[in-house]
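[1] need the 3D shape of this:
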Amino acid sequence: MNQFLLFRHALAVSLALLLAACASSGDSPTGTPSEVQEIQSQLLGDMPLPAASKIIGSDSLIIGRGDNWVGRVVLSGVQTSTDIYAFFQAEYPKAGWTTVSAVKSKTSILVFTKGDRTSTVELNEGSLGGPKTLITITASPKNANVVAPSKK
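    Predicted coordinates:
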């Protein structure tokens, strides 16, 4: 009888831990599509995002918010990488971003500038059962003083 109760308790604890892990995955906020879009715009400011894309919180590092955030945001996209590439090529210039370079390949890279900011967009095909496209946007000041490590 005690073994049965111990098993039930262990099972209940395991299920509770599993549910807690799922609840705290750090991914995009939930709600209606317009609510999710509003929260993502508050975080990322003037950077348009493809429809239905969602932030993967566990892979993202967003410092600040709005038009001056820096860091990396990783999104899951529901469109193909070709469609998302076309989206960034069309929509970023409409939002005031200038295309510096764009390479379309298996891993596509787009680089944009706006004012004193630079944004790099990397597109990768998703995995089976995952998002169709994995989108990584890196934002930083354009003229950040980067010092190479010195060799000793």
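
[2] Ser119: neighbour count?
    Residues within reach of Ser119, counting by other Cβ atoms under 10 Å, total 21. Every C-beta, even on glycine, is put in place using the N, C-alpha and C of the backbone.

[3] what segments of the protein are strands?
    Along the chain, counting by DSSP state E, strands occupy 54-55, 61-63, 70-77, 98-103, 107-114, 117-125, 133-141.

[4] touching, Ile56 and Leu75? I think so.
    Yes. Assessed by Cβ atoms under 8 Å, Ile56 is found in contact with Leu75 at 6.5 Å.

[5] who's more crowded, the two?
    Leu75 (24 against 20).

[6] state the distance from the residue nearest the centre of the chain to Leu134.
    Central residue of the chain (Cα atoms, centre = their mean): Val74, 2.1 Å from the mean position. Note on Val74: its distance to Leu134, by Cβ to Cβ, to the nearest Å, is 7 Å.

[7] just put the strands of the chain in a markdown table and tack on mean pLDDT.
    Converted to a markdown table, the strands of the chain look like this (pLDDT from 0 to 100):
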| stretch | mean pLDDT |
| --- | --- |
| strand 54-55 | 90 |
| strand 61-63 | 92 |
| strand 70-77 | 94 |
| strand 98-103 | 96 |
| strand 107-114 | 96 |
| strand 117-125 | 95 |
| strand 133-141 | 95 |
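
[8] just put these in a markdown table and tack on distance to Glu38.
    Output for the strands of the chain, formatted as a markdown table (distance: least, Cβ to Cβ, whole Å):
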| stretch | distance to Glu38 |
| --- | --- |
| strand 54-55 | 13 |
| strand 61-63 | 16 |
| strand 70-77 | 16 |
| strand 98-103 | 26 |
| strand 107-114 | 21 |
| strand 117-125 | 21 |
| strand 133-141 | 18 |
